[in-house]
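Colleague: Based on what follows, work out the 3D shape:
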Amino acid sequence: MSLSTAVSDPKSLITEDHVKKALKADKGIQAFLKSWKVVDFTKRGDNYASEVRSVKVKYSTNDKEDSEVTYVVKLNPHRNFEEFQEAEPFLFEKEGKFYEELVPVLNEALISAGQKPLRFAKCFLVSLEEGKEQIYFEDLRARGFKMFDRRKGMDECHIALVISEIARLHGASYLLTKKVLEGESAEARYKFLAKDFLDFTPNTKVMFVSWMERCVDTGVMMLDRIGGYEIASAWLKSFRSEVENVLSSGVQSTRFSSICHGDCWNNNILFRYDAEGRPVEVMLLDLQMCCEASVASDLNYLLFTSVDGDVRKPNLRRFMSLYYSTYKEVLEGGDMPMHFTIEELMEEFRDKHKYGLIFAMAIVPMMLTEPEEVPDMSGADFETLMNDFRDISLEKLKTNPLCKPRFLSIFDEFMETGVIS
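Modeller: Here you go, the predicted model:
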């Protein structure tokens, strides 16, 4: 897709035909569309790989009084730089097919094992027309779900819910591959899982690797400005040459292979709370990076992007035990034996630390940025955008007291466990 086909306002991609199809998928063929309007509700920094809008719909069924429903719509954002435009069709294909093809069979595997379905939003329409990609979901706000403050690290209660749901996803994946696919890999059957930024197009590979290498460069600058972390800084400089390999093969595993979320951090998770404000239910969002990889890739990604060191380090064993017991429960429900021990899981988690580090370098500075400080991605070219995020990261060291401890805790743990030596 060329820049010449870009649209100035992504919400113009929403048409009455799309709305009608989503309404009938949700409410049945008897639902009659009366009116609809697009409503903005997200802030800058809430979404990076897509544009998100809501559509308020009035409809009638069987001559009853008019009713209302709201849908959340993910749209091709038509970013200014060409490399990202080339990636968008693949990202929407991955997420759309995950909901259309994988969610039903994963849920069937869970229900057969005596488990509840996975906690994903209901999906009512996937439209993959190139340049006009869009996906319609239920509005989870109507059920009381809300986004956790991305500028804060999750506490034990929040992370426990996410860990359990990730374990259920991975457990369902194992049952699917062993009992339905009869040992065939998930990405061999569901080929969209095998696609990622490194093979969408040559341009997207260059962009993605360059982005991650630049994030590592920024990490070195941050360590040097803080001072006292010369060993970690030198290690990080040498690690830069490993980035592409870690991204391409560093999370592959035979024994621990699973369908993974691939992008599990604060922005892609919603919670529902009880009357006392305690989180009681989680919803996983944004499957545009779904893949088949080691279960430890999701765990590293989550724990190093979305949890502060003073929560992660003392509770790591507890988090892993919760993951292990939940995963084991799914397998036992499906009459399958557990195929690794808790110690082997811990070893696999440590073995994939470099993957978690790369995304921590990329995501943590963005998480600590105020909405009004997030660069406008709609008009920026790639080089300008990377420079803006670098400058914001360095500025956060001076202005945000959360930045230094969250950033340094990762390197402290890596040095203690021998990843950095």
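Colleague: all contacts plus neighbour counts: C-alpha atoms, from now on.
Modeller: Fine.
Colleague: those strands in the protein, which residues are they?
Modeller: Taking DSSP state E as the test, the strands found in the chain are 31-39, 51-61, 67-75, 123-127, 134-138, 145-147, 257-260, 269-273, 279-284, 291-294.
Colleague: and E329, which of these is closest to it?
Modeller: Closest of those to E329 is strand 257-260, at 16.2 Å (criterion: CA to CA).
Colleague: just checking, what packs against the closest one?
Modeller: helix 156-175, strand 291-294, helix 295-305 (3 or more CA pairs under 8 Å, 6 or more residues apart in numbering; DSSP states H and E).
Colleague: Format the ones you listed as TSV; extra columns: mean neighbour count and mean pLDDT.
Modeller: TSV is the format used below for the helices and strands packed on strand 257-260 (neighbours: other CA atoms under 10 Å; pLDDT from 0 to 100):
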stretch	mean neighbour count	mean pLDDT
helix 156-175	23	98
strand 291-294	24	96
helix 295-305	26	97
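Colleague: can you redo the ones you listed as a markdown table with distance to E244?
Modeller: Formatted as a markdown table, the helices and strands packed on strand 257-260 follow (distance: least, CA to CA, whole Å):
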| stretch | distance to E244 |
| --- | --- |
| helix 156-175 | 25 |
| strand 291-294 | 16 |
| helix 295-305 | 15 |
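Colleague: Lowest mean pLDDT among the helices and strands, pick that one out for the chain.
Modeller: Using mean pLDDT, DSSP states H and E, helix 382-399 stands out as the lowest-scoring helix or strand of the chain, at a mean of 85.
Colleague: L118: how many residues sit nearby?
Modeller: Residues lying near L118 (other CA atoms under 10 Å) number 20.
Colleague: where does it fall, phi/psi-wise?
Modeller: phi -60, psi 150 (degrees, to the nearest 10).
Colleague: Let me see the contact set for it.
Modeller: V103, L106, N107, L110, E165, R168, L169 (CA atoms under 8 Å, 6 or more residues apart in numbering).
Colleague: Isn't the last one up against I259?
Modeller: Yes: counting by CA atoms under 8 Å, a contact exists between L169 and I259, whose distance comes to 7.5 Å.
Colleague: measure P365 to R150 for me?
Modeller: 11 Å (CA to CA, to the nearest Å).
Colleague: Just want to know which of those two has more residues nearby.
Modeller: P365 (25 against 21).
Colleague: That one: what's it in contact with?
Modeller: Listed by CA under 8 Å, 6+ apart, the contact set of P365 reads F389, I392, S393, K396, C403.
Colleague: per-residue confidence at the nearest residue to the third one once chain neighbours are set aside?
Modeller: The spatial neighbour of S393 that comes closest, neighbours along the chain excluded (CA to CA, 6 or more residues apart in numbering), is P365 at 5.2 Å. Confidence per residue is given as pLDDT, and for P365 that number is 80.
Colleague: coming back round to it: hey, what's in contact with both of P365 and R150?
Modeller: Counting by CA under 8 Å, 6+ apart, P365 and R150 have no common neighbour.
Colleague: re earlier: now for the helices and strands packed on strand 257-260, which one comes closest to E88?
Modeller: Nearest to E88, of all the helices and strands packed on strand 257-260, is strand 291-294, at 16.0 Å by CA to CA.
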